[in-house]
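Asks: Task: produce atomic coordinates for the following.
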Amino acid sequence: MTRTRTRGARRATTALAALASGALLVSLSGCGAADMTKQASPFAAAKGAKSVTLSVQSWVGAQANVAVAKYLLEHRLGYRVDTVQVDEIPAWDALSQGRVDAILEDWGHPDQEKRYVKDKKTITAGGDLGVTGHIGWFVPNYWADKHPDVTDWKNLNKYASQLRTAESGSKGQLMDGSPSYVTNDKALVKNLKLNYDVVFAGSEAAQITQIQQFAKEKKPFLSYWYEPQWLFNQVPMKEVKLPPYTAKCADKGVKDPKSIDCAYPSTPLQKYFNTDFTRTGGAAATFLKKFKWTKNDQNKVSAMIASQGLSADEAAKRWVDQNPDIWKKWLPGKK
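Replies: As a prediction, the model looks like this:
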């Protein structure tokens with residue numbers, strides 16, 4: 001998720017014209033996703049402007065990264081930061097084309113990495129975010145404590161009847177989030193011969209709401225979920241052990257995603273930059289390369305946005321005010 005970085009005074013008129021003609025600019029607080037393979041930021045053509053465009057994915061952890069980066073770029077380095085929400089795969093296309101400058105949280109797309117980083121070289125690896133991501137299937141502690149064997153995938157069919165919903169019909173429900181997320185769940189259900197149906201909540205926010213409602217009523221649920229995620233502090237969950245992830249399974253999955261029959265890997269989350277941006281992005285490129293924090297830092301900002309109702313800028317400001325010893329190391333010239 002190439003252009004020359006010379007921009008000028010047309011920024012305001014360019015933005016107004018683009019908005020008037022229907023171009024979609026989605027802020028951090030927005031919902032939905034823009035197809036950045038077909039449009040650029042309205043600020044992209046502004047000559048001389050000190051600006052940067054960041055891709056922001058729909059999950060709140062990614063929004064937390066961008067919120068803090070945006071706040072510091074604007075308030076400490078004097079940049080105008082444009083943020084556009086875009087789905088996982090289109091973000092790589094947009095990044096390659098220079099329609100966005102950086103993706104701050106990628107969960108692993110080896111096919112896109114090969115195409116754009118290794119072959120075309122239009123995208124450059126930006127380094128480790130500092131956070132390890134892990135996807136899995138989870139059940140609530142209050143249910144797992146009563147039925148400890150539910151945390152082994154081999155026993156899931158035994159509990160399918162308890163997980164039926166109107167959406168899953170006669171099968172148990174495996175709840176997923178947004179249909180735009182790249183998951184292996186349908187393949188896993190089929191290949192492991194599980195009596196379940198994958199049901200999409202529609203978005204991370206909708207999935208959180210459903211999990212919270214289940215927890216309030218102490219109802220059982222089985223959900224695709226991931227770490228880092230602030231919701232674990234509110235609704236403790238245990239992971240269901242799937243067949244172990246192996247390199248062989250991964251290789252098989254790359255050739256045929258429908259053949260996957262093992263667990264998700266743990267993934268050190270990575271940043272990626274448009275290659276021209278790494279050469280001409282100046283202080284912004286240096287700052288974003290140095291941007292690195294922990295799961296706990298990300299969860300603090302995520303919780304402020306998703307649970308406490310703060311705007312992205314407010315959450316970022318609060319974290320920045322409380323953690324100068326961390327972010328000052330990201331500034332150009334600092335160690």
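Asks: Partner strands of the longest strand seen in the chain, with direction?
Replies: Assignment by DSSP state E gives strand 123-140 as the longest strand of the chain. Sheet pairing of strand 123-140 (DSSP bridges) gives strand 222-227 (antiparallel), strand 237-240 (antiparallel), strand 266-274 (antiparallel).
Asks: ok, now how distant is the residue lying closest to residue 241 once chain neighbours are set aside from residue 176?
Replies: Once flanking residues are discounted, residue 241 sits nearest to residue 152: 5.4 Å by CB to CB, 6 or more residues apart in numbering. The C-beta positions use only the backbone N, C-alpha and C, and glycine is treated the same way. Separation of residue 152 from residue 176 (CB to CB, to the nearest Å): 21 Å.
Asks: Those two: who's more crowded?
Replies: A count of neighbours by other CB atoms under 10 Å puts residue 176 above the other of residue 152 and residue 176, at 19 against 12.
Asks: these two touch, right, that one and residue 198?
Replies: Yes - using CB atoms under 8 Å, residue 176 is in contact with residue 198, at 5.5 Å.
Asks: Next one: residue 279 from residue 178, what distance?
Replies: Taken as CB to CB, the span from residue 279 to residue 178 is 34 Å.
Asks: Show me which of those two is the more surrounded one.
Replies: The residue with more neighbours, out of residue 279 and residue 178, is residue 178; 20 against 13, by other CB under 10 Å.
Asks: Confirm that one sits in a helix?
Replies: No - counting by DSSP: H, G, I helix; E, B strand; the rest coil, residue 178 is not part of a helix but coil.
Asks: Do you know the pLDDT at the nearest residue to it once chain neighbours are set aside?
Replies: Closest residue in space to residue 178, ignoring its immediate chain neighbours: residue 203 at 5.0 Å, by CB to CB, 6+ apart. Residue 203 carries a pLDDT value of 91.
Asks: next one: the one 3 residues further on
Replies: For residue 206, the pLDDT comes out at 95.
Asks: So it, which state does it fall into?
Replies: Taken by three-state DSSP, the conformation at residue 206 corresponds to helix.
Asks: That one contacts residue 179, correct?
Replies: No - if you go by CB under 8 Å, residue 206 and residue 179 don't touch, sitting 11.3 Å apart.
Asks: Output the below-cut-off pLDDT ranges for the chain.
Replies: 1-49, 334-335 (pLDDT under 70).
Asks: can you tell me the distance between the two ends of stretch 168-187?
Replies: By CA to CA, to the nearest Å, the extent of stretch 168-187 from end to end equals 16 Å.
Asks: got the buried residues for the host helix or strand of residue 94?
Replies: Per DSSP states H and E, residue 94 falls inside helix 88-97. By 16 or more other CB atoms under 10 Å, the buried positions in helix 88-97 come out as 88, 90-97.
Asks: So which residues of this structure form helices?
Replies: Ranges of helices in the chain, per DSSP state H, are 11-20, 60-75, 88-97, 110-112, 141-144, 185-191, 204-216, 247-255, 275-280, 282-290, 295-306, 312-322, 324-327.
Asks: Contacts for the second one, please.
Replies: Contacts of helix 60-75 with the rest of the structure, by CB atoms under 8 Å, 6 or more residues apart in numbering, involve 28, 52, 54, 56-57, 79-81, 83, 104-105, 129, 131, 204, 228-230, 284, 287-288, 291, 293, 298-299, 301-302, 305-306, 312-313, 315-317, 319-320, 327, 330-331.
Asks: let's go with 6 Å and repeat that
Replies: Residues outside helix 60-75 that contact it (CB atoms under 6 Å, 6 or more residues apart in numbering) are 28, 54, 56, 79, 81, 83, 104-105, 228, 284, 291, 298, 301-302, 305-306, 312, 315-316, 320, 327.
Asks: again, but for the shortest one
Replies: Applying CB under 6 Å, 6+ apart, the external contacts of helix 110-112 come out as residue 92.
Asks: buried set for it?
Replies: residue 112.
Asks: how far is that helix from where the chain is centred?
Replies: Mean-position distance between helix 110-112 and its chain equals 16 Å (CA atoms, centre = their mean, to the nearest Å).
Asks: do the same with the longest one
Replies: Averaging C-alpha coordinates over helix 60-75 and over its chain gives two centres that are 13 Å apart (CA atoms, centre = their mean).
Asks: For that helix, buried residues please.
Replies: Neighbour-count burial for helix 60-75 flags 60-73 (criterion: 16+ other CB under 10 Å).
Asks: try the fifth one
Replies: Across helix 141-144, burial judged by 16+ other CB under 10 Å covers 143-144.
Asks: tell me how far the ends of stretch 194-204 are from each other?
Replies: In stretch 194-204, first residue to last residue: 24 Å (CA to CA).
Asks: Alright, that wraps it up for me.
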